[in-house]
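>>> the sequence isn't on hand, but the structure is:
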């Protein structure tokens, strides 16, 4: 099973969207295996957004991401990264598909409510920045039989 990291950003937390967002992933059939609130540090953000470090907006991005804590989640499922990104929607919220988190709740390209790992490499990196081993739970769910065929599981 694939693991992927999701952050509900400060705007999503402030707007009271945490429960709704979690509910969407649960309805999709993903399994929550890690959950906590985190105050992002400069060091974490420098690592997390290393590909944006030299861009003009990086300082504002860091300010935004430290405005409040974020809600960090670790989800698991078959092809979880692609499934989560579909639920999340494209980065520019006002152009995101209706039915996606960003499409239903956002209008901004930068204050876009949620982050989701975009690759296996990103998911592994982000998992290491946010979660300790004892914060990840491996448990059997009887729902797996209803969500996946035997071949998929």
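Thanks, I have the structure now. This is a predicted model, so every value here is computed, not measured.
>>> C-alpha only now, for contacts and for neighbours.
OK.
>>> residue 113 contacts residue 12, doesn't it?
Yes - if you go by CA atoms under 8 Å, residue 113 and residue 12 touch, sitting 4.6 Å apart.
>>> more neighbours, these two?
Under the criterion of other CA atoms under 10 Å, the comparison of residue 113 against residue 12 puts residue 113 first, with 27 against 21.
>>> check what pLDDT the more buried one gets.
Note on residue 113: pLDDT of 96.
>>> contacts only, for it.
The neighbourhood of residue 113, defined by CA atoms under 8 Å, 6 or more residues apart in numbering, consists of 8-12, 101-102, 105-106.
>>> again, 6 Å this time
Contact analysis of residue 113 by CA atoms under 6 Å, 6 or more residues apart in numbering lists 9, 11-12.
>>> how near is it to residue 16?
Counting by CA to CA, to the nearest Å, the gap from residue 113 to residue 16 is 11 Å.
>>> next one: residue 39
Going from residue 39 to residue 16 by CA to CA gives 17 Å.
>>> who has more neighbours, those two?
residue 39 (14 against 11).
>>> burial count for the spatially closest residue to that one that is not a sequence neighbour?
Sequence neighbours aside, residue 69 is the residue nearest to residue 39 in space, at 4.3 Å (criterion: CA to CA, 6 or more residues apart in numbering). By other CA under 10 Å, 17 other residues sit near residue 69.
>>> residue 69 touches residue 41, doesn't it?
No - shown here, residue 69 and residue 41 do not form a contact pair, counting by CA atoms under 6 Å, at 10.1 Å.
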